[in-house]
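S.K.: have a look at this prediction, sequence included:
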Protein chains: 2
Amino acid sequence: MRTIDLIQRKRNGEELAVEEIAWLVESYTRGEIPDYQMAAFLMAVYFQNMTDHEVGAMVEAMIASGERLDLSMIEGPKVDKHSTGGVGDKTSLIAGPLAAAAGVKVPMISGRALGHTGGTLDKLESIPGFRTDLTADEFRKQLSEVGFAVIGQSDTVTPADGKLYALRDATATVESTALIAASIMSKKLALTLDGLVLDVKVGTGAFMKRQVDARKLAQMMTTIARRADLRAQALITDMSQPLGFAIGNALEIMEVSQTLQNAGPSDLTRISLELAARMIHLGKLTTTIEEAREVAQKKLLDGSGYQKLKQMIQAQGGNPQVLDRFELLPNATGAMEITSPRGGFISAIDAEEIGLASGMIGAGRDAKEDSIDAAVGVVLEVKVGQKVDEGSVLCRIYFTNEERVTEAAERVEDAFRISAQAPEPRELILDVVG
Amino acid sequence: MRTIDLIQRKRNGEELAVEEIAWLVESYTRGEIPDYQMAAFLMAVYFQNMTDHEVGAMVEAMIASGERLDLSMIEGPKVDKHSTGGVGDKTSLIAGPLAAAAGVKVPMISGRALGHTGGTLDKLESIPGFRTDLTADEFRKQLSEVGFAVIGQSDTVTPADGKLYALRDATATVESTALIAASIMSKKLALTLDGLVLDVKVGTGAFMKRQVDARKLAQMMTTIARRADLRAQALITDMSQPLGFAIGNALEIMEVSQTLQNAGPSDLTRISLELAARMIHLGKLTTTIEEAREVAQKKLLDGSGYQKLKQMIQAQGGNPQVLDRFELLPNATGAMEITSPRGGFISAIDAEEIGLASGMIGAGRDAKEDSIDAAVGVVLEVKVGQKVDEGSVLCRIYFTNEERVTEAAERVEDAFRISAQAPEPRELILDVVG
C-alpha cells in the first residue's frame, strides 16, 4: 500500500477499503506516514467526505491504537452525553447530575476544546481545587459511589485521535463531518457504555452551520453506534444564539448552579432536561421517554441534581461551596455594558461573534499551550425575541485585562440584530435522530 | 498573518490577497511554515482552485525566491517551447532544432519528470556522453553559437517551485490547474524570454483529461504571460493515444532522428512543425504564421533541423552519430510482440496504460532517487483508425529485465480497443489559445 495512492483515490472521491483506512491510521500513529501526507489526506476527506464504512473503519483503528477503559464492573447503566460544542453550552454539567441523581452512571471523558470558549474541563477547573486527572481506578470508584465523574482525555485511550486532532487543528480540517464523527465516536466506543446521548448543535455558534449537515453528522454517529451495539440517540439543537445567558468558564459554573436550582434560563433548562431524560431512558431506568422526562423534572425540582453536582465536585477535590457562594470562583475585575443603539426586537444574537469576542479577552485558547482566564466572559441580558428600548443593556462583558476589550466590545455589538418586528419563534430542539 | 487562517479561507473558496500568497510562499521556502500546513493548503487549492490574481502572485513569489537567468545579451529572439507532458511526447527535440535552424534562440530548461516515462532530459541522457549540467555561461554561449541548448533545472532558479513540487508529488496535489500553471510559468518567467509556445496535452495520457480543463490551464498560463509582457500562445493537442510510435527514452531519440529526416510518424511531424512555426512567428522572424509554417517545413525538408540537433548534441558532449547509428544508443535485450486478439479497427490506444506499462519495465521513475533504464519501452505498430487482422502485431515491448514484463504486457494489451467499425477521426490540434 502506498500513502500517495490512498490520498489520490480519496481526493478523486473513491471509497477506501477497511484495511486501507486501518493501515493509514496505524502507520500514521506509529510515525511511519509523515504529517504532510496525512494533512493532504485529511483535506481531501474534508472535500470528499467518507462513507459510513470508512468512518467505521477509522473509529476501529483509532480505538485499536490504544487501551479501552473497561467499566463493566460498575453496576447500573453507563450512559454518557456528548455535545458537538457551542457557545454557552454547559448542558453536560446539568444533564449529567440530573441523570446521575436518577441512577444513571455518567462517565464523562471531556475535552479541553480549542476554540472560542473553554470545554467542560476548563469550566470545572475554574473551581478551586478541582482535579480532572483521576486515575482509571479513581474514575471507576467515583462512578460507583457518586454516579458522575468528569476526567480529561488520557494519552493511553485513542492516542491516534489525539495525534490526528492536533494535525487537523493546525491544517483547517477540523470541520469535517466524517472526521468529527470518527473522533467523537472513537472516544465514546473506547469505553464500555450502555448508552450515548448526542447533542449536535447547529447554527452560527456551532461547527455545523446548516441543519442538513448536522443531520448528516448525527446519522453518521448513530450509525456507528448501532454497528457497535451501543444504544444512541442524537438531538439536533439550535445554536444560532448562545445557550443560556453566560459565556465564559466561571460565569457558566454560576449559571449551572442557578439552573440546577431551577432558576436558570428557560432554553438551557429545557435542553438539559431533555438530554437528561434521554440518558435515563437509554439507560432503561424507565420504559418510556415520557416517564424519563418526569423523572428528570423531579430531580431538578427536588434539588437532587444540584446535590449530585456538589458531591461530584467534592469527590474530585473541588470546593462545592462555590455553587452557593460565587465569590469563591474567579471573578472579573472590570465590566463593560453594551447597550442597544435603538428600540426594537432582538432578531438575532450571533453566537459565533459572541464566542469570538469572549475568546479575545481570554475565555478560550488559540493554541494548546495558551492559558485560559476563568473569570472573563460575556453575560447576556436579553435573548432573541425580546423587546428592547434604546439604551437598554444588551449584555455585559467581564474582563481582567483591558487589552482587546474595545475590539471585543465591537464584535459583541455587531452580534446583536435589532429589528422593528418580532422575529419568528425558533425551535430549540430541531430534530431527533436514532 | 496566520497560516491556519489562510488555509481555512482558501478551503472556503475565498480569494487570497497578493501579499498573503507571497507571504505563504516566502515563509514556506524559508522553512517557517511546516510541510503539513502547506500540504493542506495545496489540497485546498486542488479543490478550490486559484484566481488569475492568486496564480500571478504565486508566480512572482516563486521567481523572487531565487535568481533570474538573464539572456538579454544573446542576439536574436529567445523563444522557448513547453509541453505539459504526455506519453511519447518528444516534440521538444524536433520543434526546438527546427526553430533554431530558422534563427530562433531556444533556451530549454527541462525537467527530469516523475511519471510514466522520462522527461526531455532523461531522453537526452540516453545519448552517451551527453551533459545537461551546463553552467549559466556555457548555456548562454551555446545559445549564441548553436541556438539550441537544453539543461536541467538549477537549484538557484525558483527554489520555491522545487520545494513545492516535491511536496505536491508526495501529497497527490500535482494535478491542479493553478499549481501546474504557477510552476510552469515561474520557471519560464525566471528567464528573459521573448516568446513562449505552450503545448497543453489533453486526454488519457495527460494531466488534463478533459478539453475544458486543458483550455483553462492554457488560458491561465497565457494570461500570466501577458501580464508579464511575454508573448505566448498555447496549443491544445490530443493525448488520447501516444504521440508517434515510440515510448521510452532511447527509443524516442531514434524516432526524433527519423522525424527530423522527414521519415517520422505523421502525428508527431505535424505537431512538431506547428510548434516550430509558432516559435518562429512569436520570435517575429516572419510576419504571418503561414510564412512561419513554410519556414519550418523548409527546415525539415532540407535537413537543417536534423543538423541543428546534431550540433546541439555535439556541443553538450554527446556523440551526434547516435542519430545515424542507433546501435550506439542503449538497446534492449529482449522484445515481446503484442498481437491483436481479433480483426477490426483500432478505436483507441489508452496512452496512460501504455505509459504505465513502460514505467513498470523501467522507462520512468516513481521516486526522484529511482534510476531509469534508457533502453526499454514500447514501440507501436499501429495507430488509432488503422485496420488490423487477428494476430497482427499491435506493438513491441522492449525490455532488459524479465521482471514485471508479463504484468506490463497485460496492461499494454488492455490499452488497445478493437472495434468492428472505424472510429471517427480525431483532431490532433484541438485549439489555440492566446
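M.R.: Thanks, I have the structure now.
S.K.: please make it C-alpha for all contacts and neighbour counts, starting now.
M.R.: Will do.
S.K.: so what's the residue in chain A that chain B sits nearest to up against?
M.R.: In chain A, no residue comes nearer to chain B than A:Tyr36, which is 3.7 Å away by CA to the nearest CA. By CA atoms under 8 Å, 6 or more residues apart in numbering or on different chains, the residues touching A:Tyr36 are B:35-40, B:171.
S.K.: may I have the host helix or strand of it as CSV, with CA atoms only?
M.R.: In the assignment (DSSP states H and E), A:Tyr36 maps to helix A:35-48. Extracted as CSV, the C-alpha positions of helix A:35-48 are listed here (Å, rounded to 0.1, in the frame of the first residue of the first chain):
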residue,chain,number,x,y,z
ASP,A,35,2.3,14.7,8.8
TYR,A,36,2.3,16.3,5.4
GLN,A,37,0.8,13.3,3.7
MET,A,38,-1.8,12.9,6.4
ALA,A,39,-2.6,16.6,6.2
ALA,A,40,-3.3,16.2,2.5
PHE,A,41,-5.4,13.2,3.2
LEU,A,42,-7.5,15.0,5.8
MET,A,43,-8.1,17.9,3.5
ALA,A,44,-9.2,15.5,0.8
VAL,A,45,-11.6,14.0,3.3
TYR,A,46,-12.9,17.5,4.1
PHE,A,47,-13.9,17.9,0.5
GLN,A,48,-14.9,14.3,-0.4
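S.K.: all helices of the stretch 301-434 of chain A, in order?
M.R.: Using DSSP state H, counting those that start in this stretch, the helices of the stretch 301-434 of chain A run over A:304-315, A:351-360, A:405-415.
S.K.: mind checking which of these is nearest B:Ala101?
M.R.: helix A:351-360 (66.2 Å; CA to CA).
S.K.: now A:Leu243: closest residue in space, sequence neighbours ignored.
M.R.: A:Gly88 (4.9 Å; CA to CA, 6 or more residues apart in numbering or on different chains).
S.K.: that neighbour reaches A:Ile253, doesn't it?
M.R.: No - using CA atoms under 8 Å, A:Gly88 is not in contact with A:Ile253; the gap is 10.6 Å.
S.K.: so those two - more neighbours on which side?
M.R.: Neighbours were counted for A:Gly88 and for A:Ile253 using other CA atoms under 10 Å in any protein chain shown; A:Gly88 has more, 29 against 26.
S.K.: quick one, what contacts that one?
M.R.: A:Gly88 sits next to A:242-248, A:252 when contact means CA under 8 Å, 6+ apart.
S.K.: quick one: stretch A:365-381 near chain B?
M.R.: No - contact of stretch A:365-381 with chain B (CA under 8 Å from any CA of the partner chain) is absent, the minimum separation being 10.8 Å.
S.K.: now that stretch: buried residues?
M.R.: By neighbour count on 16 or more other CA atoms under 10 Å in any protein chain shown, the buried set for stretch A:365-381 is A:365-366, A:372-381.
S.K.: what of stretch A:131-150?
M.R.: Those buried within stretch A:131-150 under the rule 16+ other CA under 10 Å are A:131-132, A:134, A:139-140, A:142-144, A:146-150.
S.K.: got it, and stretch A:383-402?
M.R.: So, applying 16+ other CA under 10 Å, buried residues of stretch A:383-402: A:383-385, A:387-388, A:392-400.
S.K.: widest-spaced pair of the contacts of A:Tyr36?
M.R.: Among those, B:Gln37 and B:Thr171 lie farthest apart (CA to CA), at 11.8 Å.
S.K.: so for these two, which residue has more residues nearby?
M.R.: B:Thr171 (26 against 23).
S.K.: flag the shaky bits of chain A, pLDDT-wise.
M.R.: Within chain A, the stretches with pLDDT under 70 are A:112-117, A:366-368.
S.K.: what's the domain layout of it?
M.R.: Here the domain parsing of chain A from automatic domain parsing is A:3-48, A:79-326, A:331-419.
S.K.: surely A:Ala149 touches A:Asp137?
M.R.: No - using CA under 8 Å as the test, A:Ala149 is too far from A:Asp137 to be in contact (11.8 Å).
S.K.: what residues does chain A put near chain B?
M.R.: Contact residues, chain A versus chain B (CA under 8 Å from any CA): A:4-5, A:7-8, A:11, A:35-44, A:47, A:170-172.
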